[in-house]
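Chemist: coordinates for the following, if possible.
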Amino acid sequence: MNSVVTRFRSDGRSMASILITGTLLSGTPALGVAARRLGTPAGDIQHVIYVQFDNTHFRRDNPNVPSDLEQMPHLLQFMRQNGTLLTNDHTGLISHTGTGILSSLTGVYGDRMGQPVSNSFRYFNPNGTTNPGVSFAYWTDALFDPSNPRAQTDTTPEMLNELGKIAPAPWVPYTRNGCDVGMVGTANAVLENIGPDVPKVFGAGSPEAAEVAANPARATADFVGIGVHCAQGSGLCSAANNGKPDLLPDEPGGYTGFAGLFGHKYVAPRISPSGPLTDLSGAMIGDFAGNVGFPGFDGLSAAVSLAYVAAMQEHGIPVTFAYISDAHDNHTTAGAAAFGPGEAGYTAALKAYDDAFARFFDRLAAAGIDKSNTLFVFTVDEGDHFVGSAPSPANCNGGSRPCTYALKGEISGNLAGLLATQQGITTPFTVHSDSAPTIYITGNPARDAGVTRAFGRALGRLTADNPITGKTDQLTVALADAVSMKLLHMVTADPMRTPTLTLFADPNYFLFAGPPNCSAPCLTVPAPRTVPLFAWNHGDVTAEIAQTWVGFVGPGVRNQGIEPKLWSDHTDVRPTMLTVLGLRDDYVHDGRVLAEILETPAVPRGLLEHRSTLLKLAAIYKQINAPFGQLGMTALAVSTTAIKSGTPSDDTTYARLSGQIQSWTSQRDALVAEIKAVLDGAAFGDQVIDEPHAKDLISAAQSLLDQAALVAMP
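Modeler: Numbering: from 1, shown residues only. Have a look, this model is predicted:
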């Protein structure tokens, strides 16, 4: 039986010894190798704790209701008082859990790690039909198609890099440096799906594989979602502890002799040797069916995830990555409606999260783990948009005056029915259903084929009679085809994954491909409890979805409090972390080091020399390369105009504007290659920049932005 665990919609070496000139008394290499080179405070780092939330907001969704982070003051104040909280951070495209987490973990956009469209996607078969792919699969898996694995036609790597290989794994710099790395629900760094993963890791004839066949729910609790990737020779991942080879066949420089522990069944005894692992409130960790073990990705509340992290850190796993599920979905009652801002259930969930962080920080402090010796990173995968009527009472505040909503729930829209009834378009197609649906026209026609162009024009004219407000909405906010998707880092090395079109819709709507008619209503708000009711949309390009936050605390990080202006995105997290830690990857990131938030001794010499010019270069680099940078958003606006333009007999505007975007992409790619080499050399190669060359690059980047802005002018 093949079971898929979905997130849709959504003994080891102790590092607690005393550091002496960057080396532990135990003889284990310290994380802060930079201390030997730079004399930086970052040399005191003995622990790394990275936590990534799902859909947790810094900004308020209702001006009268404190935001998610405001309702978690123990976390918010920890970041504000001890480090820097960046609130002008951004996602990649598409703004979803998979893309958000994986771009943060790798420091590259979706075109270089295979998942620009998530949390699932589709791929074309040779005959022009499509099958579904799932974004969440173990790092070394082939593309995971749960629909009919025997008929799967695309077996490229799930985590596909630009070379067509398995993308480098995020735990490698740590394990190569002698540190075990714990993973709690971290996307694709743990086993995700028991069907393909357990037999591959443990063997087809193993007791673990037999358990998958006999009791899938028990197997999920035992083997999915929790893992440790160990350093060479670590006793934690010994065969006696059920360690298995940690295989990364495409890892640059090779990766042999490493092992891992896979699943709660084998991790929990190592981090909770005195008895069953409990969450931070003292409850046994397990799933809704009563199986002790991994509770499912939706079950990773703050109390659960942070308990795993604390136990790992206390038992000699110095580097931990963890995922925390969102607080606004009702994770306690199957099929229940999601909470709206300020509803009593939402407020209670955030209070529980805040209590968990209070216990977490106290527990870490008792173990000697704090801001003086630990790099903390807290962030979120993406934002989202609440869909519902106005709250009642109008002045509700989520505290003394809880909010209620007469209507809530994303508006489900039958895209095929709307196209057919409004404009007579009955072209067969499939979609990755979403508020930003990717569309795959059957037959995989060229982007400029007549059928594609007619379809694109029709998308641009779609309207929707909003069943919540009673008003008529323009359904389409923006449109992209293969030309603009390439500039936006949405085209991978696998051409079969490239959608025909992407529609970024009004964020109140969730679009699917139903029958090409509206005999049943094409627009509905599902009734609570008839289906699990989702009321928060993401994927789109609106600011509440795309603009996020990230907080850094620890040695080498400035204490700047809230920083609302510095522009960053998810890909900047990894190079910034590795710089503080004195580590490096075997590839060049798409992100840049956020040197502005680092103490001077923690900044490599190459980033200190000509600092002003380097910061200008880094800033404009993001504006030409990031999907939500100036060039990306300009190109998307021009793309929308191009796709909506023309007639069957005259498509010159589309050809002209598409040519402009292609030219910008070529210029951008050439510039980016040069700029990344400069920034990477300065950050990780200790190279002092050639200032005149850097200034020339800044001028060229600005010229490109100016060119694009002129074309985008009405």
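Chemist: how about stretch 550-564: buried residues?
Modeler: 550-557, 563 (16 or more other Cβ atoms under 10 Å). C-beta here means a position set from N, CA and C on the backbone, and glycine is covered the same way.
Chemist: save those residues as JSON lines, and put in secondary structure and pLDDT too.
Modeler: Shown next, in JSON lines, are those (DSSP: H, G, I helix; E, B strand; the rest coil; pLDDT from 0 to 100):
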{"residue": "550", "secondary structure": "strand", "pLDDT": "98"}
{"residue": "551", "secondary structure": "strand", "pLDDT": "98"}
{"residue": "552", "secondary structure": "strand", "pLDDT": "98"}
{"residue": "553", "secondary structure": "strand", "pLDDT": "98"}
{"residue": "554", "secondary structure": "coil", "pLDDT": "97"}
{"residue": "555", "secondary structure": "coil", "pLDDT": "96"}
{"residue": "556", "secondary structure": "coil", "pLDDT": "95"}
{"residue": "557", "secondary structure": "strand", "pLDDT": "97"}
{"residue": "563", "secondary structure": "strand", "pLDDT": "98"}
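Chemist: residue 182 looks like it's in a helix, true?
Modeler: No - applying DSSP: H, G, I helix; E, B strand; the rest coil, one finds residue 182 to be strand, outside a helix.
Chemist: separation between it and residue 388?
Modeler: 38 Å (Cβ to Cβ, to the nearest Å).
Chemist: the more surrounded of those two?
Modeler: Remark: of residue 182 and residue 388, residue 182 carries more neighbours, 33 against 22, as counted by other Cβ atoms under 10 Å.
Chemist: where does the most centrally placed residue in the chain land in three-state SS?
Modeler: Nearest to the mean C-alpha position of the chain, counting by Cα atoms, centre = their mean, stands residue 100 at 1.7 Å. Using three-state DSSP, the structure places residue 100 in helix.
Chemist: re earlier: farthest pair within the buried residues of stretch 550-564?
Modeler: 555 and 563 (18.5 Å; Cβ to Cβ).
Chemist: quick one: stretch 421-431 to chain centroid distance?
Modeler: From the chain centre to the centre of stretch 421-431 is a distance of 32 Å (Cα atoms, centre = their mean, to the nearest Å).
Chemist: contact partners of it?
Modeler: 122, 129-130, 415-416, 419-420, 437-443, 451, 454-455, 458, 461-463, 500, 511-513, 516-518, 522 (Cβ atoms under 8 Å, 6 or more residues apart in numbering).
Chemist: those residues in strands, which ones?
Modeler: 122, 130, 438-441, 463, 511-512 (DSSP state E).
Chemist: now restrict the contacts of stretch 421-431 to buried residues only.
Modeler: In the contacts of stretch 421-431, the ones that pass as buried (16+ other Cβ under 10 Å) are 122, 130, 415-416, 419-420, 437-443, 451, 454-455, 458, 462, 500, 511-513, 516, 518, 522.
Chemist: returning to that earlier point: closest to residue 332 among the ones in strands among the contacts of stretch 421-431?
Modeler: residue 512 (27.2 Å).
Chemist: show me what that closest one bridges to in the sheet.
Modeler: Counting by DSSP bridges, residue 512 is bridged to residue 414.
Chemist: look up how far residue 464 lies from it.
Modeler: 14 Å.
Chemist: any idea which helix or strand comes after the longest helix anywhere in the chain?
Modeler: Longest helix of the chain, by residue count under DSSP state H: helix 652-684. Downstream of helix 652-684, the first helix or strand assigned by DSSP states H and E is helix 691-712.
Chemist: show me what that next one is in contact with.
Modeler: 610, 613-614, 616-617, 620-621, 623-624, 630-631, 634-635, 637-638, 657, 660, 664, 667-668, 671, 674-675, 678.
Chemist: confidence score at residue 335?
Modeler: With respect to pLDDT, residue 335 has a value of 64.
Chemist: repeat that for residue 624.
Modeler: 98.
Chemist: about what we covered before: nearest to residue 109 among the buried residues of stretch 550-564?
Modeler: Residue 109 has its nearest neighbour among the buried residues of stretch 550-564 in residue 550, at 16.4 Å by Cβ to Cβ.
Chemist: contact partners for the closest one?
Modeler: Residue 550 sits in contact with 85-86, 89, 377-380, 568, 570, 573, where contact means Cβ under 8 Å, 6+ apart.
Chemist: 7 Å - rerun?
Modeler: 86, 89, 377, 379, 568, 573 (Cβ atoms under 7 Å, 6 or more residues apart in numbering).
Chemist: just residue 69 next, same as before
Modeler: 57-58, 75-76.
Chemist: tell me the mean pLDDT over the longest helix of the chain?
Modeler: 98.
Chemist: send me stretch 381-397 as CSV with only the CA atoms.
Modeler: Output in CSV follows, covering the C-alpha atoms of stretch 381-397 (Å, rounded to 0.1, in the frame of the first residue of the first chain):
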residue,chain,number,x,y,z
ASP,A,381,7.6,29.8,4.6
GLU,A,382,5.1,32.3,3.2
GLY,A,383,2.3,34.6,4.2
ASP,A,384,-1.4,34.1,3.4
HIS,A,385,-4.6,35.9,2.8
PHE,A,386,-7.8,35.4,4.9
VAL,A,387,-11.0,34.9,2.9
GLY,A,388,-14.2,35.8,4.7
SER,A,389,-16.8,38.4,5.5
ALA,A,390,-16.2,41.4,7.7
PRO,A,391,-15.7,40.4,11.4
SER,A,392,-18.4,40.8,14.1
PRO,A,393,-18.3,42.9,16.1
ALA,A,394,-16.6,45.5,13.9
ASN,A,395,-14.3,46.5,16.7
CYS,A,396,-13.4,43.0,17.8
ASN,A,397,-9.8,42.6,19.0
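Chemist: buried ones in that stretch?
Modeler: By 16+ other Cβ under 10 Å, the buried positions in stretch 381-397 come out as 381-388, 391, 396-397.
Chemist: what about the stretch 1-150 of the chain, any weak spots by pLDDT?
Modeler: 1-43 (pLDDT under 70).
Chemist: that one: strands as residue ranges?
Modeler: Assigned by DSSP state E, counting those that start in this stretch, the stretch 1-150 of the chain shows strands spanning 19-20, 23-24, 47-53, 83-90, 120-124, 130-134.
Chemist: coming back round to it: between the contacts of residue 69, which sits nearest residue 309?
Modeler: So of the contacts of residue 69, ranked by how close each gets to residue 309 (Cβ to Cβ), first place is residue 75, at 13.3 Å.
Chemist: ok, that closest one to residue 85 distance?
Modeler: 10 Å.
Chemist: distance of the nearest residue to residue 404 once chain neighbours are set aside relative to residue 467?
Modeler: Closest residue to residue 404 apart from its sequence neighbours, by Cβ to Cβ, 6 or more residues apart in numbering: residue 392 at 5.2 Å. Plainly put, residue 392 is 18 Å away from residue 467 if you go by Cβ to Cβ.
Chemist: ends of stretch 216-235, what's the gap?
Modeler: Taking Cα to Cα, to the nearest Å, stretch 216-235 runs 30 Å from one end to the other.
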